[in-house]
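Chemist: Need coordinates for the below:
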Amino acid sequence: MKAVVMAIGLVAASLSGVPAVAAPQVAAPGAAICTGSSVGPGIAPPSRVALGIPGFHASWYGQSGYPTLCPGERSNAVVAFYNSGSRGWVSGRMGEVAYLGTWNGDPGQDEPTVLGGNGELGSPQTGWPRFNRVAAQPSDYVGPGQVAWFQFTIQAPDRPGFYRLYIRPLVEGATWMEDAGVYWQVTVLGADGTAPAGRVSSRVPAPIEDTSPGWAPAAFNNVGFAQPPGDGIVLSGGTTGSWTSSWQTTRFSFSQLIPSWTADTPAGSWIEVEIQARTAAGRETRWWRMGIWAYGDETIRRTSVSGQSDADGVVETDTFKTRAEKMTAYRARVTLSRTTAAGATPALRRIYAVVSDTRSYMPRYPSPRYTDRAMELSVPRYSQEIHAGEFPQYDGGGEAWCSPTSTEMVVEYWNKRPATDELAWVGAHADPQVDYAARFTFDTAYGGTGNWPFNTAYASRFGLSARVLQLGSLNDAERYIAAGVPLVASISHAPGALPGFLNNDGTNGHLLVIIGFTSSGDVIANDPAATSDATVHRVYGREAFERAWIGGSGGVVYFIATPNTFVP
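Modeler: Predicted coordinates for the structure are as follows:
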């Protein structure tokens with residue numbers, strides 16, 4: 001719509017002089033329990049428009065109203081543009097045919113959108129001419145002084161939220177015409193008909209999928225179900241056994257996979273996690289060793305496995321990356337082991353994998369705000385820098401402990417922490433739980449404490465749900481903060497690229513905690529790269545932080561929360 005009429009409410013009405021707009025039609029069976037769909041009032045044309053401007057020109061001339069839809073529902077939309085130029089628009093003739101194109105600010109110029117398209121580049125198939133061409137001129141010829149009534153169909157995404165579709169007229173192959181600030185606001189209700197909580201970008205998101213293989217069907221080798229059923233996998237007897245998941249087909253071809261897990265490893269026991277991938281042609285890769293893990297360090301050395309690469313891919317510590325050929329499926333194998341003297345069996349409680357393909361995806365910075373209100377969670381503040389020189393066997397000491405320091409902050413946000421007697425070995429050092437977290441996340445082969453799944457596995461020991469995720473933007477991160485969930489985020493940036501960072505330094509890899517957002521959308525963080533606990537609290541500019549996070553790690557975060565925490 002025009003910016004000058006933003007305050008118009010959402011009530012059922014039609015635009016005078018605009019063709020009737022059909023009521024939204026249900027397009028997904030799951031939408032039946034949501035019944036609050038509607039179409040708001042149309043927006044009348046301006047009282048005067050220009051005429052006869054030399055060349056190709058267009059003036060906005062009214063539109064149908066904003067729809068409120070249930071997930072999966074569709075709504076027809078109409079927008080009128082007056083030909084205010086001296087040249088006519090001719091259908092089917094390159095350099096003279098008029099279209100509506102996707103535009104800034106959301107989803108962006110010529111970008112695909114989740115609200116409609118032709119089925120390409122992640123857009124739904126709603127009959128648009130192309131994924132970034134919303135509608136074509138409806139008549140063969142629109143002369144100077146005539147009005148074109150462009151019509152198109154919008155489909156509500158599954159995620160509730162307030163979406164905006166910005167459009168701008170153009171003559172294909174010649175020029176964009178006037179940008180009048182025209183957009184559609186689409187309100188998508190929850191599956192139960194509840195109102196959404198915030199804004200969501202209408203741009204097709206980065207290809208990211210959070211997956212978790214089911215316990216069955218699977219191959220069981222000397223392992224069985226833990227009790228109660230559904231609580232994981234344990235050894236059936238003896239000292240070793242394995243569970244191999246079924247193949248997990250992903251929604252898109254992926255170029256990266258990061259596993260994570262929740263497991264119990266009583267004294268004398270450990271697990272090993274492997275993954276295997278498969279191409280679209282059905283060719284299977286080798287098994288990739290993603291980690292040998294135990295919570296403690298008395299029996300084995302917790303470690304990633306270095307030196308794994310071939311023509312299919314490479315393992316970079318905790319991440320599998322493909323070569324040129326992407327993969328379309330994966331399966332996981334977890335081997336459970338214990339010494340002959342061990343009394344209890346290890347237990348695999350959950351296995352996860354986040355897959356992505358962000359190689360050719362170009363983020364847009366900054367992302368749209370989820371909400372205009374300020375939000376800040378009360379997360380404990382710990383500095384890694386005050387631990388410099390402590391326990392150098394763990395990555396040289398505390399100066400390098402950004403990951404376990406951040407993880408510990410979030411664990412304690414949920415009122416969990418190591419017991420006092422577990423900290424006795426630390427001695428008189430300040431914040432001994434940070435030293436503890438460093439020891440119990442240390443990766444021997446990597447030589448550091450920043451192994452992503454080792455950190456989430458550490459957090460899960462305290463009864464928390466924890467796994468590695470990738471998010472596509474700060475808009476996504478804001479949803480977690482609004483739900484009360486702080487996020488440990490992995491960033492990297494050049495010197496000076498993140499104003500406010502310690503000593504204005506750059507970093508090849510650093511972790512900190514997103515704890516909130518200012519009313520202007522900037523990031524409030526607990527950054528352990530601080531000279532004291534009192535200086536951990538920081539505010540980073542939204543765009544600079546988003547570039548360091550999305551452009552650095554591809555949006556990697558540690559999700560750590562109490563079980564069954566709901567994020568809308």
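
Chemist: What is the neighbour count of T35?
Modeler: Neighbour count of T35, defined by other C-beta atoms under 10 Å: 11. In short, each C-beta sits where N, CA and C put it, glycine included.

Chemist: and the residue nearest to it when sequence neighbours are not counted, what does it touch?
Modeler: Distances taken as C-beta to C-beta, 6 or more residues apart in numbering place G193 nearest to T35, at 5.8 Å, with adjacent residues excluded. G193 makes contact with I33, C34, T35, G36, C70 under the criterion C-beta atoms under 8 Å, 6 or more residues apart in numbering.

Chemist: between those residues, which is nearest R164?
Modeler: C70 (18.5 Å; C-beta to C-beta).

Chemist: show me the contacts for Y480.
Modeler: Contacts for Y480 (C-beta under 8 Å, 6+ apart) come out as P486, L487, I514, F559, V567.

Chemist: picking that back up, so for the residue nearest to T35, what pLDDT did the model give?
Modeler: Note on G193: pLDDT of 94.

Chemist: returning to what we had before: looking at the contacts of G193, which gets the smallest pLDDT?
Modeler: Lowest pLDDT among those: G36, 83.

Chemist: Show me just the buried residues among the contacts of G193.
Modeler: Neighbour counting by 16 or more other C-beta atoms under 10 Å classes C34, C70 among the contacts of G193 as buried.

Chemist: I'd like the contacts of G193 as a markdown table, with secondary structure and distance to S492 appended.
Modeler: Output for those, formatted as a markdown table (DSSP: H, G, I helix; E, B strand; the rest coil; distance: C-beta to C-beta, whole Å):
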| residue | secondary structure | distance to S492 |
| --- | --- | --- |
| I33 | helix | 44 |
| C34 | coil | 42 |
| T35 | coil | 47 |
| G36 | coil | 44 |
| C70 | coil | 41 |
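
Chemist: how about the contacts of G193, which pair is most distant?
Modeler: Across those, the longest distance by C-beta to C-beta is 10.6 Å; it joins I33 and G36.

Chemist: so what does the host helix or strand of T262 touch, helix or strand wise?
Modeler: Following DSSP states H and E, the helix or strand that holds T262 is strand 256-264. Applying 3 or more C-beta pairs under 8 Å, 6 or more residues apart in numbering; DSSP states H and E, one finds that strand 256-264 contacts strand 269-278, strand 284-293, strand 319-322, strand 327-338, strand 347-356, helix 452-460, strand 465-470.

Chemist: and the fourth one, what does it pack onto?
Modeler: Using 3+ C-beta pairs under 8 Å, 6+ apart as the contact definition, the elements that strand 327-338 packs against are strand 233-235, strand 240-245, strand 248-254, strand 256-264, strand 269-278, strand 347-356.

Chemist: Ok, the fifth one next?
Modeler: Under the contact criterion of 3+ C-beta pairs under 8 Å, 6+ apart, the helices and strands touching strand 347-356 comprise strand 208-211, strand 233-235, strand 248-254, strand 256-264, strand 269-278, strand 327-338, strand 465-470.

Chemist: quick one: strands adjacent to the fourth one?
Modeler: Paired with strand 256-264 in the same sheet, following DSSP bridges, are strand 319-322 (antiparallel), strand 347-356 (antiparallel).
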